[in-house]
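Novice: Pasting the sequence and the predicted model now:
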Amino acid sequence: MRAAWPFAGTGVIVGSLAPLFVGQFARAVNPIHRFAAGMWIGTLFVLVVAGSNTVLRQTDDKIERGTIAADLINAFSPLALGSFLFLAASGVWTAWNALTKGAGRRGLSSREHHLRPAPCAPRPASPH
């Protein structure tokens, strides 16, 4: 069962990056953004949950606890930082794309167009 995890991880990565393999970068931005967000939050979660447990159980000496905590943070920081850089870059790309090609230039998108209230026509006078 343990041997299946690398294959599952590879499948998740390759599946989310599949549009890149056929030259469709614009379709790959959102999967990259979600993957980077998961990696960033995941590393922080592991650092807090597993790291705090490790630090608290290793020793009672506060100075040694600080050293262990610093080692854990240094071990996870490059992965979290790299994930955050991808997260920020894909977020900026998506926002820029929306501003230049999305609703900012065309007005309301077709999805939002039906939500706009129709102009009110004057009511005909009653015959009474």
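Specialist: Here it is on my side, so go on.

Novice: Quick one: list the elements packing against the helix or strand harbouring A70.
Specialist: Per DSSP states H and E: A70 is located in helix 62-101. On a contact count with 3 or more C-beta pairs under 8 Å, 6 or more residues apart in numbering; DSSP states H and E, helix 62-101 meets helix 25-46, helix 52-58. For the C-beta atoms, the positions are set from N, CA and C on the backbone; glycine is no exception.

Novice: With respect to A75, which of those helices lies nearest?
Specialist: Nearest to A75 among those is helix 25-46 (9.7 Å), distances taken as C-beta to C-beta.

Novice: burial count for T43?
Specialist: Neighbour count of T43, defined by other C-beta atoms under 10 Å: 20.

Novice: ok, for it, nearest residue in space, not its chain neighbours?
Specialist: Distances taken as C-beta to C-beta, 6 or more residues apart in numbering place A80 nearest to T43, at 4.2 Å, with adjacent residues excluded.

Novice: ok, that neighbour - how many residues close by?
Specialist: 18.

Novice: Same check on the one 5 residues further on?
Specialist: Counted with other C-beta under 10 Å, residues neighbouring L85 total 12.

Novice: The one 3 residues further on too?
Specialist: As a burial measure, A88 scores 13 neighbours (other C-beta under 10 Å).

Novice: and if you look at A37?
Specialist: 16.

Novice: Skipping adjacent residues, who's closest to it in space?
Specialist: L87 (5.4 Å).

Novice: Quick check, pLDDT for the one you found.
Specialist: pLDDT, L87: 89.

Novice: And G107, by the same measure?
Specialist: So, for G107, pLDDT stands at 47.

Novice: One more: P122?
Specialist: At P122, the model reports a pLDDT of 61.

Novice: What of the one 5 residues further on?
Specialist: Taken from the predicted model, the pLDDT recorded for P127 is 70.

Novice: How is it assigned, secondary-structure-wise?
Specialist: coil (DSSP: H, G, I helix; E, B strand; the rest coil).

Novice: Now do the contacts for it.
Specialist: By C-beta atoms under 8 Å, 6 or more residues apart in numbering, the contact set of P127 is empty.
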